[in-house]
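S.K.: the following block contains a protein sequence and its predicted model.
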Amino acid sequence: MGVRRSSKLNLAGRGIAILWLAGTAAWACAQSASNAAAPQQPASQRGAERSVSDWLMRMHQASRVRSYIGTFVVSSNAGSLASARIWHACDGDQQVERVESLTGAPRSTFRRNEEVVTFLPERHVVRTERQEPLATFPNLLQASDSSIPEFYGARQVGSDRVAGFDADVVQLEPKDNLRFGYRIWSEKRSGLVIKLQTLDGEGHVLEQTAFSELALDAPVSMEKINRMMAAPPGWRVEKLDTPKTSAAAEGWQLKMPVAGFKPVSCHRRPGAGSDGMVQWIFSDGLAAVSLFLEPYDRVRHVQEGIFAAGATQTLTQRIQEWWLTAVGEVPSQTLKAFAQNLERRN
Amino acid sequence: MDDMRTQEMVSALADGELRGDAFARAVDVAASDADARHAWHTYHLIGDVLRSGEAGAGAVPDRFLTRLQARLRDEQRPAAAAVSPEAFRMAARVSQQPRPAAAANDGNFRWKVLAGVASLTAIGTVAWSLSAAPASGGAAQLARTDGSAVLANTQRGVMIRDARLDELLAAHRQMGGASVLPAPAGFLRNAAFEGPAR
């Protein structure tokens, strides 16, 4: 039960990405400087020439150095709608964030770098989790290793206004059918992402996230957020333990890699069975796939298939005496490719 | 005069003013007399409008009941005997089914809506499987999984969203959020699929 809450209610998913990206920032700055015809020019003057890496680095940098307070809304093609209020502060090496859900069960999530604390006021429970240490992530934007430019192209498709801010609209187009496309509204001056759409192969919007209201460079007190992360007296603290492991050590491998997707990490998670389960994570830099593997249970594991919710697809399949649940913001054929290539080594 | 008396009685009944014998008498009249029933409906309609400012819904019950009975009589189904208490119970069950699902959990509803999407996905999957495995002759054969990769049952396309799957979805977004897209994207996605409190 505690485990379920732990994983379910934590909001700070993508926080990690920002952090390890920080490590690549210096590299990318040097890279774009050497690539650009006129390195002295400010980035804003050569928007049309920006590569996909330039765009992503710019967006990332914005979230690293700008403070803001805003309300964001997410909607999916399935009709769900949710919103939350976010406070974001940073001072170079520390980033703190506070997110208050405005829909559904009340909860507050705080993140300080890779430390995530979730408050569930209805149950008087505080959940703490530690994110993956940054060093273990591959530098997905690094030239020698990056699959992003190989699998996505970027082009500026226009300008627009979102939440009162002028934005560049950038389209990230996949170069094959194993990933979705993105349309991103990047605030003109800072580069901050203020709206994001996930698009399927036909260009239909699967999911959309946007700030409905945003105060950029708002005075956000890092200290105050830090103070709020302490568990109030009388609240129960739950801690989710997901020790690191490796796919090989767990007896799994891919016969063939799925184009563009690199293994990011592998963890053990507590599961319904006594053995728990393994979560093997892949990413192509923009989209992530998780393979959850656990011993097959004929009572619980009855329905194989592929299911969609917004941009998130889920595939369930029995593999010999094992049960695979693959989840990712990718087209279903990508999950099928993973399932086909997954192999048990005994 | 008598009519006037009836209406007053029904009015008092509708206002909840009657007790004891007077209440029993008024109920008898309202149940047996068409005019009284009409008045009963009218008073409630007036009450609804006064209270809410919106027109109360519904028609005079007599008219509805008469029409319903007529339609039931006209129903020339071979299984006429099926209009039995059991059939009514069945119908009631069927008509009630969607309600608890939608009210109890928006999440379920979402997955239901997704059935359409999922079956489209299934078609895509089948097409893909066909091109990947030329020997395959169609859906029936797809179900004959040999343990390697071919999916079975995708045509059903609908998964009952359970706590376990919710947990994995959240774990994916949490740990698997290995994307260079900025943080709000991950937050938003998780927020959206958290859905309402379960």
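M.R.: Sure, I can see it.
S.K.: okay, helices next: where are they in the stretch 101-250 of chain A?
M.R.: With DSSP state H, counting those that start in this stretch as the definition, the stretch 101-250 of chain A shows helices at residue ranges A:148-151, A:222-228, A:247-250.
S.K.: mean neighbour count added to those, as TSV?
M.R.: (Glycine included, C-beta is placed from N, CA and C.) Listed next are the helices of the stretch 101-250 of chain A as TSV, based on neighbours: other C-beta atoms under 10 Å in any protein chain shown:
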stretch	mean neighbour count
helix A:148-151	18
helix A:222-228	14
helix A:247-250	14
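S.K.: quick one: closest of these to B:Trp40.
M.R.: Within these, the stretch nearest B:Trp40 is helix A:222-228; the backing value is 58.3 Å (C-beta to C-beta).
S.K.: and the chain, what are its domains?
M.R.: Here I'm looking at chain A. A:2-237, A:241-344 (automatic domain parsing).
S.K.: correction: the question concerned chain B.
M.R.: B:1-58, B:104-161, B:162-198.
S.K.: pick out the shakiest of those domains, pLDDT-wise.
M.R.: Mean pLDDT values for the domains of chain B show the minimum at domain B:104-161, a mean of 37.
S.K.: among the domains of chain A, which is the most enclosed?
M.R.: Of all these, domain A:241-344 carries the top mean neighbour count, a mean of 20, counting by mean count of other C-beta atoms under 10 Å in any protein chain shown.
S.K.: that one - what's its average pLDDT?
M.R.: Domain A:241-344 comes out at a mean pLDDT of 90.
S.K.: next: stretch A:176-191.
M.R.: On average, stretch A:176-191 scores 93.
S.K.: nearest residue to A:Lys175 other than its sequence neighbours?
M.R.: A:Phe151 (5.3 Å; C-beta to C-beta, 6 or more residues apart in numbering or on different chains).
S.K.: over to A:Arg85?
M.R.: Excluding the flanking residues, the one nearest A:Arg85 by C-beta to C-beta, 6+ apart is A:Glu100, at 4.6 Å.
S.K.: ok, A:Glu97 next?
M.R.: The nearest residue in space to A:Glu97 (C-beta to C-beta, 6+ apart) is A:Arg111, at 4.5 Å.
S.K.: can I assume the one you found is in contact with A:Ala89?
M.R.: No: in this structure, A:Arg111 is not within contact of A:Ala89 by C-beta atoms under 8 Å, at 10.8 Å.
S.K.: pull up the overlap in contacts between the two.
M.R.: Here A:Arg111 and A:Ala89 have A:95-97 as joint contacts, going by C-beta atoms under 8 Å, 6 or more residues apart in numbering or on different chains.
S.K.: what ranges does the stretch 1-150 of chain A have for its strands?
M.R.: Taking DSSP state E, counting those that start in this stretch, the strands of the stretch 1-150 of chain A run over residues A:68-76, A:81-90, A:95-101, A:108-112, A:115-120, A:125-130.
S.K.: next, the angle from the fourth one to strand A:95-101.
M.R.: Orientation of strand A:108-112 against strand A:95-101 (axes from the mean of the first three to the mean of the last three C-alpha atoms, to 10 degrees) gives an angle of 170 degrees.
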